[in-house]
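A.B. asks: Curious how this folds, go ahead:
(chains A and B)
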There are 2 protein chains.
Amino acid sequence: MKKIINDPNAVVQEMAEGLAAAYPDDLEQLPGTTVIKRRTAPESNKVGIVSGGGSGHEPAHAGYVGKGMLDAAVAGEVFTSPTPDQIFEAIKAVDGGAGVFMVVKNYTGDVLNFDMAAELAEAENIKVAKVVVNDDVAVDDVASRRGIAGTILVHKMAGAKAEQGGSLEEVKAAADKAAENVRSVGMALTPCTVPAAGTPSFTLAENEMEIGIGIHGEPGIERKEIAPADDIAQELTDKLLADYDFSGSDTAVIVNGLGSTPEMELYIMNNKVQAILANNEINVYKTLVGEYMTSLEMTGCSLTLLQLDDELKQLLDEPANTLAFNG
Amino acid sequence: MKKIINDPNAVVQEMAEGLAAAYPDDLEQLPGTTVIKRRTAPESNKVGIVSGGGSGHEPAHAGYVGKGMLDAAVAGEVFTSPTPDQIFEAIKAVDGGAGVFMVVKNYTGDVLNFDMAAELAEAENIKVAKVVVNDDVAVDDVASRRGIAGTILVHKMAGAKAEQGGSLEEVKAAADKAAENVRSVGMALTPCTVPAAGTPSFTLAENEMEIGIGIHGEPGIERKEIAPADDIAQELTDKLLADYDFSGSDTAVIVNGLGSTPEMELYIMNNKVQAILANNEINVYKTLVGEYMTSLEMTGCSLTLLQLDDELKQLLDEPANTLAFNG
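C.D. replies: The predicted structure follows:
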């Protein structure tokens, strides 16, 4: 394991400290936690937006704390759900009286712990609502689908609606709409190593790739020989279009790197993705290419498509100012 | 070689197309070139800012094209200087009558080719000036020092000065000041593979790291056993402080990832860097943590320090809106 770390068991705490130390004007770490909070939160009568999950997916989620997106992000241990008490601290810290909305990725631990935190908050008369994001079409059973890079667009919609003064119910409606209409699928060339484990979580042969892999290395749909970028783009796009009818839609697109993939390769992917979408008469309203939801140093990428209506376009255009999402 | 590409010899062209396709409202590719230009350029009476160099360092340099930074970026083949004719096309495309300023990294080919392009431009009555950035303290001979991540801060200063309406001479003075007062040094844990070569450009044993390595894998100062992040932070900071007297300064800091280093590890580095600087009574005015100047999928990082005076602080605070630098 070649990593720039100190104690493998202290990586999340040191990361949170290093992040808060980098951007002290905008962000702060809640004392005794790994919660990163927007310094201006809570804002009176604005719905507070909280997300989080296991660490190792940076810039998710602390990179999305800021104007127009999240008010706080809760970081669990690497690939491990944050505890209910840490989530509860985040909720309390961002409630400005209008309630708190939680964006949760669909993993058993995350859903359970965010729900427990919500119960703790409701016992203190904080209104809480949530959306569970399950955009990964690699899993057939919809109820078991994982939340991956599409989650970022749900952050964006919920955050923009809250910034515009939307009520907790209105924020939930916008986030639900985004979550229902977003689909993603990933692929990997190489695995990653959790620092405390010390060895890769799976192996792929030198000529192999895996289609449909999860952001923690969960098994995918198929392991096969590495194909050219254009073929990979075609296969990922086909899987999304087979799962959801995007034809005639305005869409947002994310070509997301999983950690070690050079930006060059993501742009090569995007080149083909845009051509395929045009051939399918799918209009691209906005494209994002880069690392939005990673898996430590995994090599690979994911593709996300979100169907936009007028409301979602307007929320996407609302200014956001965070470390990893601007514009 | 595990890469998401098509033809190894077409990666730069396909990257440029994929980038232009992702952000058509803001960026355009000059036809028949790998030049990425700000769509609003040329702007009448604004000095045009051009940078570039070999590809493989993304987001450098096209990721810095936009308001407050570059007007165009020229991409050579991977780790290879762009040709004079491509640079000349960029210069012509962004000249709005106030001249064009070039930010060049100190590599023989880059300096030669940018100079030849400037001669072509001057023959067409375009005023051209340049700065050569040589921030890498790993090389003892100052004249041979390489340009690495500190270049981004020179883009920022030149771009801000031009945006404020500075003349070509004023832009050059600001860029020169930044280049004179910026120092960087890098380290690597693993090499990278140029697509057309197919094999890594150097090797490091499983327990080895290299201090002072260049962004193309040029040899560093020392190859040694991997150390904890805190020790690496101390060693890199010591090298910068030994080369330049930052004591009592206001500074800008970049903790830069070389391509495959998880953001988590960069924040762990930053945590220690900030503590060391505080101990040395060096005031941090602004910190950037992330991938700013990479080497394909190399694992490692670099540290950059820039001494700021009032003018540079004000230029750093000038709004910028590019893919890889905002704020």
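A.B. asks: what about the helices in the stretch 151-300 of chain A?
C.D. replies: Remark: helices assigned in the stretch 151-300 of chain A by DSSP state H, counting those that start in this stretch are A:151-163, A:168-180, A:229-243, A:263-279.
A.B. asks: Of all these, which one is nearest residue A:44?
C.D. replies: Residue A:44 lies closest, by C-beta to C-beta, to one member of those: helix A:151-163, at 12.7 Å. In this view, the C-beta of every residue, glycine as well, is placed from N, C-alpha and C.
A.B. asks: Now tell me what touches the closest one from outside.
C.D. replies: Residues from elsewhere that reach helix A:151-163 (C-beta atoms under 8 Å, 6 or more residues apart in numbering or on different chains): A:46-49, A:51, A:60-61, A:64, A:67-70, A:101, A:103, A:105, A:131, A:133, A:135, A:170-171, A:174-175, A:177-179, A:182, A:252, A:254, A:288, A:292-293, A:304, A:306, A:312, A:315-316, A:318, A:320, A:325.
A.B. asks: near chain B, from those residues?
C.D. replies: With C-beta under 8 Å from any C-beta of the partner chain as the criterion, those include residue A:288 near chain B.
A.B. asks: Tell me which of the helices of the stretch 151-300 of chain A is the most buried.
C.D. replies: Counting by mean count of other C-beta atoms under 10 Å in any protein chain shown, helix A:151-163 has the highest mean neighbour count of the helices of the stretch 151-300 of chain A, with a mean of 29.
A.B. asks: what mean pLDDT does that one have?
C.D. replies: Averaging pLDDT along helix A:151-163 gives 98.
A.B. asks: could you check the angle helix A:168-180 makes with that helix?
C.D. replies: Angle, helix A:151-163 to helix A:168-180, by axes from the mean of the first three to the mean of the last three C-alpha atoms, to 10 degrees: 160 degrees.
A.B. asks: how distant is helix A:151-163 from the center of its chain?
C.D. replies: Helix A:151-163 sits 11 Å away from the centroid of its parent chain (C-alpha atoms, centre = their mean, to the nearest Å).
A.B. asks: hey, C-alpha coordinates of that helix in PDB?
C.D. replies: C-alpha atoms of helix A:151-163 as PDB (Å, rounded to 0.1, in the frame of the first residue of the first chain):
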ATOM      1  CA  THR A 151     -26.200  12.100  -5.800                       C
ATOM      2  CA  ILE A 152     -24.300  15.300  -6.700                       C
ATOM      3  CA  LEU A 153     -27.200  16.500  -8.900                       C
ATOM      4  CA  VAL A 154     -29.600  15.800  -6.000                       C
ATOM      5  CA  HIS A 155     -27.400  17.900  -3.700                       C
ATOM      6  CA  LYS A 156     -27.600  20.600  -6.400                       C
ATOM      7  CA  MET A 157     -31.400  20.600  -6.700                       C
ATOM      8  CA  ALA A 158     -32.100  20.400  -3.000                       C
ATOM      9  CA  GLY A 159     -29.500  23.100  -2.200                       C
ATOM     10  CA  ALA A 160     -30.800  25.500  -4.900                       C
ATOM     11  CA  LYS A 161     -34.400  25.100  -3.800                       C
ATOM     12  CA  ALA A 162     -33.400  25.800  -0.200                       C
ATOM     13  CA  GLU A 163     -31.300  28.800  -1.300                       C
END
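A.B. asks: Please tabulate the helices of the stretch 151-300 of chain A in JSON lines, including the columns distance to residue B:199.
C.D. replies: As requested, the helices of the stretch 151-300 of chain A are exported to JSON lines (distance: least, C-beta to C-beta, whole Å):
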{"stretch": "helix A:151-163", "distance to residue B:199": "35"}
{"stretch": "helix A:168-180", "distance to residue B:199": "44"}
{"stretch": "helix A:229-243", "distance to residue B:199": "20"}
{"stretch": "helix A:263-279", "distance to residue B:199": "17"}
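A.B. asks: Run through the residues of the stretch 101-250 of chain A sitting next to chain B.
C.D. replies: Contact residues (C-beta under 8 Å from any C-beta) of the stretch 101-250 of chain A with chain B: A:189-190, A:206, A:209, A:226, A:228-230, A:232.
A.B. asks: Please repeat the previous calculation with a cut-off of 10 Å.
C.D. replies: Residues of the stretch 101-250 of chain A lying near chain B by C-beta under 10 Å from any C-beta of the partner chain: A:187-190, A:192-193, A:195, A:204-209, A:226-233.
A.B. asks: What residues does residue A:228 make contact with?
C.D. replies: By C-beta atoms under 10 Å, 6 or more residues apart in numbering or on different chains, the residues touching residue A:228 are A:234, A:268, A:272, B:3-7.
A.B. asks: of all the residues you listed, which comes closest to residue B:215?
C.D. replies: For the contacts of residue A:228, the nearest to residue B:215 is residue B:3 (18.4 Å; C-beta to C-beta).
A.B. asks: quick one, what contacts that closest one?
C.D. replies: A:189, A:226, A:228-229, A:261-262, A:264-265, A:268, A:299, B:11, B:193, B:195, B:198, B:296-297.
A.B. asks: Return the per-residue confidence for the closest residue to residue A:222 other than its chain neighbours.
C.D. replies: With sequence-adjacent residues excluded and distances taken as C-beta to C-beta, 6 or more residues apart in numbering or on different chains, residue A:222 is closest to residue A:211, at 5.0 Å. pLDDT for residue A:211: 98.
A.B. asks: Same question for the one 10 residues further on.
C.D. replies: Reading off the per-residue confidence, residue A:221 sits at a pLDDT of 92.
A.B. asks: what's the closest non-adjacent residue to it?
C.D. replies: residue A:212 (3.5 Å).
A.B. asks: That neighbour contacts residue A:185, correct?
C.D. replies: Yes - checked against C-beta atoms under 10 Å, the pair residue A:212 and residue A:185 is within contact range at 6.0 Å.
A.B. asks: overlap in contacts of the two?
C.D. replies: Common neighbours of residue A:212 and residue A:185 (C-beta under 10 Å, 6+ apart) are A:136-139, A:220-221, A:235-236, A:239, A:302.
A.B. asks: Just list the residues touching the closest residue to residue A:78 other than its chain neighbours, thanks.
C.D. replies: In this structure, residue A:78 finds its nearest non-sequential neighbour in residue A:56, 4.5 Å apart by C-beta to C-beta, 6+ apart. Residue A:56 makes contacts with A:11-12, A:15, A:75-80, A:192, A:194-195, A:215-216, A:259, A:294-298, B:262-264, as judged by C-beta under 10 Å, 6+ apart.
A.B. asks: Which of the residues you listed fall within strands?
C.D. replies: Judged by DSSP state E, strands contain the following of these: A:75-78.
A.B. asks: could I get those residues as TSV with neighbour count and pLDDT?
C.D. replies: TSV is the format used below for these (neighbours: other C-beta atoms under 10 Å in any protein chain shown; pLDDT from 0 to 100):
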residue	neighbour count	pLDDT
A:75	30	98
A:76	21	98
A:77	19	98
A:78	24	98
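A.B. asks: So which of the contacts of residue B:3 is the closest to residue A:92?
C.D. replies: Looking across those and measuring by C-beta to C-beta, the closest to residue A:92 is residue A:261, at 37.9 Å.
A.B. asks: residues near that closest one, how many?
C.D. replies: When neighbours are counted by other C-beta atoms under 10 Å in any protein chain shown, residue A:261 registers 29.
A.B. asks: same check, this time on residue A:224
C.D. replies: Around residue A:224 there are 14 residues (other C-beta under 10 Å).
A.B. asks: That one pairs with what?
C.D. replies: For residue A:224, the beta-bridge partners are residue A:209 (DSSP bridges).
A.B. asks: isn't it right up against residue A:210?
C.D. replies: Yes - Residue A:224 is in contact with residue A:210 according to C-beta under 10 Å; the separation is 7.9 Å.
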